[in-house]
Structure formats: structure tokens, C-alpha cells
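Peer 1: structure for the following, please:
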Amino acid sequence: MTRRRHDRSFVRTFFTSPTAVEGEDDSAKMLRRAAELRGMQAPDVWVPDNEDATAPSMRDQGAQNIVDVVAENGADFPGEIHPRMVWHRDDPTTRYQGFQHMLDIADPQKGAIEHIDGFVIPEVGGIDDWKKADEFFTIVEAEHGLEPGSLAMSVIIESGQAELAMRNLRDEMGKPENTLERLFLLVDGEVDYTKDMRALTPTGELPEWPELRHNTSRGASAAGCIAVDGPYDDIRDVEGYHERMRDNQAKGMLGIWSLTPGQVVEANQSPLPPKTGSWLLDTGDTEVELDSRDGVWTYDGTDVSLVETGNTYELAVDGSTQTLDDDELHETLLEMTAYVPSMDDVVDSMEEFEAAKAAGRGAIAMERSATLRIDEVEVAIATDRMWDEATYQAAMTPIALFQDVYENRPDQHEALVEMYGEDVVERAMAVGT
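Peer 2: Residues are numbered from 1 along each chain as shown. As a prediction, the model looks like this:
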């Protein structure tokens, strides 16, 4: 993984707010509400959105509202602040408007820029278009006497051109004629991407675009940026949001767009290790989480059944039955189960490996055991997993995420201690250092 160039190594939440609401006594009311968010409701990155979330007729007012609200509240906001400007790869008038708004917002005399970490640029095209945006950042910094490269640039991948441009980043970044090192977030915008690709679905719903999410995650990793998925607009579908985040996390994309403070809470917590560990059972069509009852992990569904018949067992899974002896049943259940480790489990394993490494051992076996109950039949299972340096480094990702959150979000310390306990938090901050 390429070295990150910004203070944050991870971004879990990208939360947008309209900069100006038409027909309201206070057009900046949505900005003011967002600026007051704290704890798990506050995003890692707040995006006052002067593009799609704000009517074109209100964008000049929106730029002024960003200045007013951020100047007043920015010092106390616990996350980073990255306003989204207007931009379009095919429209120089739109690009110029976005540039003028950036110039206005970044004026040090107005008191907002000291709390602003960068700007988000939508609708980028090929790599030359990214460099146009970068040049505008450079001019804004020069015009206002800001440190060169101090304003981070995040882009929204909303076209095939932008998707292909990510392949060029490693070659372009660091050249003396640009400052693309300022790139921070690569954010998917599936709605406009769908339009650009001229994609159709029978229901009219958006395609899931797993290829785009994979490509963005890969592009971000190669260029030292952070990948963020686009909005999940069914805000009532919490489980669907969780499923999307789990799929993303398996691709290395730990951040997601959040449309409401409720989604922010879910997305802030989702990539963190759970408070308690759990066993999963593959029932044929899906994996279900087993209930823990007095130390026994119990399955209560109907897709799997288990009957003891003397010296053998009848195991039925999704309508298919096998006759198994003790050893065969043990091996089959090991294949059907998986363990989701808690934060405490991960820290325990890392501490054990660190102690072994300090004692001169390069690899150790870690045992995981449990007693399963299916249809009142109890079976003990156990497995060994070999830990070496590569396993340790892979396990470090959720711990590094936790450490990044703890270091950069002191407003979430109380929630993290409540979630895990003070001892686990202290140990998690100590491993890997």
C-alpha cells in the first residue's frame, strides 16, 4: 500500500449538506444543523455541498453560507470540512464558477479557510481535467498566501473517463508541473456514472457497479488516497446499508457516503471490530449468526438439522442429508462455520503474536474452539490457525483504523470506551506501536 499523504489514514463517513435551502428564513439552516453534530453522529468528513444538493439559483448564496457557518462553527467541528464545488469536465463556465466560489471561500479575511481542509470536485473527466482542477487549487493558494499544497483535493468518480484516469495517477503524481499529491479522497458517484455509461436496469434502479467500487479502491490504494463509496439512498434500509458496507470493506473501501446523521452513525461503527465475537453457520443459502446461550452457540433455524443415531449423525443442510461419524461431523461443521472476532479477540491474538515474536518465534498456532448446538445435539469444534508476520499485518488493518479514529476523533472517545471497555481500548492503542 502506498504511503498516505494526509493526516487521516481512514475515512469512514462522507456526509453532505445543502449549502442553501430556498424559501427558508435562514437558507443556511441545514449547514448549521450539520455543524452541531458530535460523537458518532458527526462524520469524519463533512461536505457542505454547493453542487447537486443545492439549487443552481442558490449556489452564490451557498458559497456565502459556507463562509458564515464555517467561520462561526468550524473550530469546534470534530471532523474534517471539505466543501463540494461545482465543476464539469465538458463545461468551462461551470468550472470557472466553482473556481470563483473557491476563491471567495478561501479568503483568509473571511475567517473560514482556517477550518477548511480542502474541496471536493465532482464530474471530473480524464487526467488532464484533474490537473486543471489542481491548477485552480494552486492559484487559490497563491492568491491568498496559503501554503502550497495545503488544500486537499477530493474527486468524485462519475464517468468512465474519470474511472480510467485513476490508472494514470501513479505516473502523474509528483511531476513538477502539478501538485496532484494533494489528492485525498476518491469518491464514487454511481448516479451520474450510470448516466454517463448509459446503463439500463428493468426496474430503473441503479446498478450496484461492483467493478467501479473495486477500481476506485484499487486506484486509491495505488495512489495513496482513500476510497469512499457513493450514497445509499434507501435511508430506511439499514440492513441493506450494512450489506453494502460489508461488501465494500472486503474490497478495501472502508468509507461510504452518508445522507443522514443516522447513516453516519451506522457507517462510523460498521468498519470497527464488534464488541463481542460471534459464530456464523452456513445454511446453504446464507450465513446466520448463532445465539450464545450459557457458552453454547445455538442454531434455531429450519434449514439445518442434526440427529444423533447411535455412533453416527444425520446432518441435513438445505434438504440434503449426510450420514457422518464423529470425525466427519467435526470436519463438516468446521467447513460450515466461521468466527467473527471481537476487538478483544483481535487484540489478544496480536499481543500473543508480538510476545512470540519477541521470544524469537516467527509463527505460532492460535486455537479457536466452541460448542455448537443444533436440534439439541451438542458438538465441540476446534481449529488451529497459523499466525505469521503476514497474518499479523493483515490483522493490523482494523486496529490501525481504530487507532486512527481514536487519535483524530476525541469526541468519540466516550462512545468507544462504552462500546469496548477502557481496558480493551488501552490495549488496542498499544499494539502494533
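Peer 1: that's a strand at F14, yeah?
Peer 2: Yes. Assessed by DSSP: H, G, I helix; E, B strand; the rest coil, F14 belongs to a strand.
Peer 1: okay, and the beta partners of it?
Peer 2: V45, W257 (DSSP bridges).
Peer 1: okay, now S349: neighbour count?
Peer 2: For S349, the count of nearby residues is 20 (other Cβ atoms under 10 Å). Yep, even glycine has a C-beta here, placed from its N, CA and C like the rest.
Peer 1: any low-confidence regions in the chain?
Peer 2: 1-5 (pLDDT under 70).
Peer 1: list the contacts for the residue most central in space within it?
Peer 2: Nearest residue to the geometric centre of the chain (Cα atoms, centre = their mean): G255, 1.7 Å. Remark: with contacts taken as Cβ atoms under 8 Å, 6 or more residues apart in numbering, G255 is in contact with F10, V11, R12, T13, F14, D44, L185, I226, A227, V228, D229, A267.
Peer 1: so which elements touch the helix or strand where D345 lies?
Peer 2: Under the criterion of DSSP states H and E, D345 resides in helix 343-358. Under the contact definition 3 or more Cβ pairs under 8 Å, 6 or more residues apart in numbering; DSSP states H and E, helix 343-358 sits against strand 364-374, strand 377-387, helix 389-408, helix 422-430.
Peer 1: closest one to W209 among those?
Peer 2: helix 389-408 (23.9 Å; Cβ to Cβ).
Peer 1: buried ones in that closest one?
Peer 2: 391-392, 395, 397-399, 401-406, 408 (16 or more other Cβ atoms under 10 Å).
Peer 1: that one packs against which elements?
Peer 2: helix 343-358, helix 413-420, helix 422-430.
Peer 1: mind listing what's buried along the second one?
Peer 2: Residues of helix 413-420 classed as buried by neighbour count (16+ other Cβ under 10 Å): A415, L416, M419, Y420.
Peer 1: contact partners for the last one?
Peer 2: If I follow you right, that is Y420. K275, M343, D344, A428 are the contacts of Y420 under Cβ under 8 Å, 6+ apart.
Peer 1: do the first one as well
Peer 2: Contacts here follow Cβ under 8 Å, 6+ apart; on that basis A415 touches G39, M40.
Peer 1: if I look at it, how far off is Q41?
Peer 2: According to Cβ to Cβ, to the nearest Å, A415 and Q41 sit 10 Å apart.
Peer 1: can you check the last one too?
Peer 2: With the distance defined as Cβ to Cβ, Y420 ends up 19 Å from Q41.
Peer 1: what count of nearby residues applies to N248?
Peer 2: 24.
Peer 1: please apply the same query to the one 5 residues further on.
Peer 2: A total of 24 residues lie near M253 under the criterion other Cβ under 10 Å.
Peer 1: that one reaches G219, doesn't it?
Peer 2: No. Using Cβ atoms under 8 Å, M253 makes no contact with G219, being 10.7 Å away.
Peer 1: find residues that contact each of these two.
Peer 2: By Cβ under 8 Å, 6+ apart, the residues touching both M253 and G219 are A227.
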